[in-house]
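S.K.: Need a 3D model of the following:
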Amino acid sequence: MNAVVAYLVHAVPIGFAATAFMDLFALVRRRLSGTPLPDYALVGRWIAHMGRGRFRHAAIAKTPAVRAERALGWVVHYATGIAFAGLLLVLAGPGWVRDPTVLPALAVGIGSVAAPFLLMQPGMGAGIAAWRTPDPRAARMRSLVTHAVFGVGLFLAGSALRFIAA
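M.R.: A predicted model of the protein is given here:
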C-alpha cells in the first residue's frame, strides 16, 4: 500500500472520531455549564469568503451569509480534525497506530489550538487568541480545553482503531 494511502486509511477514521469526541464534549459542556456551541456556519462563511478573495473580517457574524455555509463549516471542521490526525501520524510515525500513546496525541491536540488562535479567530474578527472578545481569558481557556479533549479523542480513536484492526 502506498504510504499516503496508508496514512489516509488511518487518519480519516482517527480524525473523524476525535472530532466527534470533541463535539460530544461540547454538547456535554453546554448541558452542564450553558456554554454555547460553536457556530460552524460562521466558519463556513469565513471559508466561502476566502474563495472571493476576502480573508479577514471585522466581525464574521456581520458579514453577509453565503449559501450552504453551515454545511461547509461542518465539512471544514471535520476535514481539519482529519488533517491534524494525519499530522499526528506523520510526527509520531506509523508505529503509533500499532501502539498508540497519549503524549503525542495530547501534544497534537493541544498544539492544534494554534490554528484558531493564529488563523481562524483573527480572520473572523476576534483577534489573535480571541483578544477582541468580551472575555478573552475565558475564550482562550475554552479553546485550550476543547483542543486538549480533541487530543484525548485522537488517543482514544487510535486505541479503538488498533483493537478493531487487530
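
S.K.: Quick one: the helices in this structure, in order.
M.R.: Secondary structure of the chain (DSSP state H): helices at 3-33, 40-50, 69-92, 95-98, 102-111, 114-115, 121-124, 136-165.

S.K.: so which of those gets nearest Arg56?
M.R.: Taking C-beta to C-beta, helix 121-124 is the member of those nearest to Arg56, at 5.4 Å. Quick note: C-beta positions are derived from backbone N, CA and C, even for glycine.

S.K.: Next up, the contacts around the residue nearest the centre of the chain.
M.R.: Residue closest to the average C-alpha location in the chain (C-alpha atoms, centre = their mean): Gly81, at 4.7 Å. Listed by C-beta atoms under 8 Å, 6 or more residues apart in numbering, the contact set of Gly81 reads Gly15, Phe16, Ala18, Thr19, Met22, Phe150.

S.K.: Return the residues in contact with the second one.
M.R.: If I follow you right, that is Phe16. By C-beta under 8 Å, 6+ apart, the residues touching Phe16 are Tyr78, Gly81, Ile82, Ala157.

S.K.: Next one: Leu42 from Val12, what distance?
M.R.: 25 Å (C-beta to C-beta, to the nearest Å).

S.K.: Among these two, which residue is more densely surrounded?
M.R.: Neighbour count, other C-beta atoms under 10 Å: between Leu42 and Val12, Leu42 has more, with 21 against 16.

S.K.: Pretty sure the more buried one sits against Ala61.
M.R.: Yes: between Leu42 and Ala61 there is a contact under C-beta atoms under 8 Å: 6.3 Å.

S.K.: chain center to the worst-scoring helix or strand of the chain on mean pLDDT, what's the gap?
M.R.: None of the helices or strands of the chain scores lower by mean pLDDT, DSSP states H and E than helix 95-98, at a mean of 91. When C-alpha coordinates are averaged (C-alpha atoms, centre = their mean, to the nearest Å), helix 95-98 and its chain have centres 22 Å apart.

S.K.: just stretch 102-109 next, same as before
M.R.: 14 Å.
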